[in-house]
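Chemist: When you get a sec, could you give me coordinates for this:
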Amino acid sequence: MPKDKRLYLLLLGIPFATLVGGMSFARGTPSKAPVPLASPLLAPPVAPLPLQTPGIFPLPSLQPVMVPTPLTTPTAPATPSTRPSAATLPTPVGNWLKPAPGAVTNPFGNGYWYFGVYRGGHTGIDIKAPTGTPVKAPTAGKVVYIHRLANMRYGFYVVIAHAQGYYTLHAHLSRIQVRLGQQLQQGDVIGAVGTSGAAGYPHLHFEVLNQIPQRDGAWGYSYICPQRPGVEGLRTYNFVGRSVQTMDHIVRIRNQRCTHVPLRQTLKYYNPEQFYPDPERQSWEPENQPANEERKYQRTQAKPAAR
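Modeler: Here you go, the predicted structure:
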């Protein structure tokens, strides 16, 4: 900077003596005259470039942007139970094993006469097989209940909990070969066919239901009385051909009368024949009489001959 500390301003390309808005440049102090707005240097040196000029891109028209929201599946309100509700349980048709070999002699929902008493609404199926025939787990699961009293209606029986909220009950066993809490794979032996409990001939009573049945459950039939129910009663208590049956009460003999007995738990029974493939499966008619049921029962209840 010069020693005299005076300010010099140089505009390149403009003659030094050119007037700029009434201001002249020369050696000395600058003029303090205002710069007119109409000064030629404030205007663009060239015409404005059109928006479509190559290299210059127009702004897009501003339209409202719709942001897609992710699709969500509505969920049902939380329930106290962590297991799926029985109404929504999927049926793994054909994925299970038949728990014992043999013919089905008493179908799901069947009603028939048994030693002078009408039994209606069979809650499972009966598979006829010789005593000692192995009974196998129809699919993987865990043993959650074992009954070892032979004198009750089901006799020796085992309950297994399976995936998807199903339970299976295996009754009238001659022996039990599992322990409580044991994890089972499909095909593991859990016991053997027998006649323990109220069984008139060797067979496996096999049930599929939505929870462990309590002692006041259906116990094989929804209706056990000396008289056959009327037309409406047959529709209610016999359900041959149905895939599922909900039960909140049973009918039993109480003081020589047929009495409605409410259950402490609502049970949902599933037709076991829909869970496994069976080439010998038949179309059932109502009131199918199981083979040798009544004759065998009368013989086992006969009194010993007097000496």
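
Chemist: quick one: low-confidence parts of the chain?
Modeler: Along the chain, segments meeting pLDDT under 70 span 1-91, 93, 292-307.

Chemist: Describe which strands the longest strand seen in it pairs with in its sheet and in which direction.
Modeler: Counting by DSSP state E, the longest strand found in the chain is strand 257-270. Partner strands for strand 257-270, per DSSP bridges, with pairing direction: strand 203-209 (antiparallel), strand 244-254 (antiparallel).

Chemist: Flag every buried residue along stretch 96-105.
Modeler: Within stretch 96-105, the residues that count as buried by 16 or more other CB atoms under 10 Å are 96, 98, 99, 100, 102, 104, 105. Where C-beta positions appear, they are placed from N, C-alpha and C, glycine not excepted.

Chemist: Which of the strands paired with strand 257-270 sits closest to residue 289?
Modeler: Evaluated over the strands paired with strand 257-270, closeness to residue 289 peaks at strand 203-209, with 14.0 Å, by CB to CB.

Chemist: and after the closest one, which helix or strand comes next?
Modeler: Next helix or strand after strand 203-209 toward the C-terminus (DSSP states H and E): strand 221-225.

Chemist: Tell me the helices and strands packed up against that following strand.
Modeler: Strand 221-225 makes packing contacts with strand 117-122, helix 231-237, strand 244-254 when contacts are defined by 3 or more CB pairs under 8 Å, 6 or more residues apart in numbering; DSSP states H and E.

Chemist: What lies in contact with the longest one?
Modeler: So that's strand 244-254. 86, 108-109, 117, 120-121, 123, 218-219, 221-226, 229, 237, 239, 258-263, 266-271 (CB atoms under 8 Å, 6 or more residues apart in numbering).

Chemist: and the angle for it with strand 117-122?
Modeler: Angle between the axes of strand 244-254 and strand 117-122 is 160 degrees (criterion: axes from the mean of the first three to the mean of the last three CA atoms, to 10 degrees).

Chemist: Check which residues of strand 244-254 are buried.
Modeler: Buried residues in strand 244-254 (16+ other CB under 10 Å): 244, 245, 247, 250, 251, 252.
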